[in-house]
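S.K.: attaching a predicted model along with its sequence, questions to come.
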Amino acid sequence: MNQHHVSRPTLLEVGESSNLALRMVDAESNSLHAEHSEWLIESADPSIVAVDGIRLTGIKPGVTEIRAIPKDGDPGSTRSWTIRVMAQANADRKLDLSMRPRLLFSADELSEFKARISRESASGIDFRRLWQSYLRQADEYVLECGFQVTYPSVSDVMDVKLPLKEPAIIPNPDGYVDYPYWTMFSRAVEERMVTLTTAYLVTGEGRMPSG
């Protein structure tokens, strides 16, 4: 018997939308394609979270329950969870970063990192050369208007344009039933965020993106 699985986003901002990821797993633990039309998604309070097919949108601050019901009639496959909607962050409010949780480094770790890349290592590792290579990669990321995401086992390529938007649902390629397009996409985004943030924290130099 197939088991139904659904992603469970638990937090949205007002105006933010998220598409659910739906799939089935058979008795041999193989991931199977799940048609979105095979599910009914319900919001206990549409004034807090609106539902359009598999798309959830935060409407106003509050907490409500979401139910994902497979239309095959198996009540044991229904999934339900609580989702909270927060007010949008105030973009005009200047954050006091000294009072915020650590961003990649604590103050002491950042000082140690700066010291490490400014001297030769007793182990023979040239941290200064590695850091210059890291900065070159950061400069390349700043100039990007987009990038491509590739996969090790299929020939499909995802073309990502900047500024970033939530990617559309991508069907599984022929012969591939567990297509992790979103993990590779998020990994590429994370790599750019960490590289650019680290470069800025260490150098204090800003760059204007090409887009």
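M.R.: All right, it came through fine.

S.K.: what sits against residue 64?
M.R.: 43-45, 48-49, 82-83, 85 (Cβ atoms under 8 Å, 6 or more residues apart in numbering). For glycine as for every other residue, the C-beta is placed from the backbone atoms N, C-alpha and C.

S.K.: rerun that using 6 Å as the cut-off
M.R.: 43-45, 48-49 (Cβ atoms under 6 Å, 6 or more residues apart in numbering).

S.K.: and if you look at residue 202?
M.R.: residue 114.

S.K.: which non-adjacent residue is nearest residue 81?
M.R.: Spatially, and ignoring its direct neighbours in sequence, residue 81 is nearest to residue 8 (4.7 Å; Cβ to Cβ, 6 or more residues apart in numbering).

S.K.: cool, residue 69 as well?
M.R.: Using Cβ to Cβ, 6+ apart, the nearest residue to residue 69 is residue 40, at 4.5 Å.

S.K.: likewise for residue 11?
M.R.: residue 84 (5.5 Å).

S.K.: for residue 65, helix, strand, or coil?
M.R.: Secondary structure state of residue 65, per DSSP: H, G, I helix; E, B strand; the rest coil, is strand.

S.K.: return the list of helices and strands in contact with the host helix or strand of residue 56.
M.R.: Taking DSSP states H and E as the definition, residue 56 sits inside strand 55-58. Counting contacts by 3 or more Cβ pairs under 6 Å, 6 or more residues apart in numbering; DSSP states H and E, strand 55-58 packs against strand 17-19.

S.K.: just the mean pLDDT for the strand it packs on, thanks.
M.R.: The average pLDDT for strand 17-19 rounds to 85.

S.K.: is residue 65 in contact with residue 44, as I believe?
M.R.: Yes: at 4.2 Å, residue 65 counts as touching residue 44 under the criterion of Cβ atoms under 6 Å.

S.K.: look up how far residue 38 lies from residue 71.
M.R.: Separation of residue 71 from residue 38 (Cβ to Cβ, to the nearest Å) stands at 5 Å.

S.K.: good, wrapping up.
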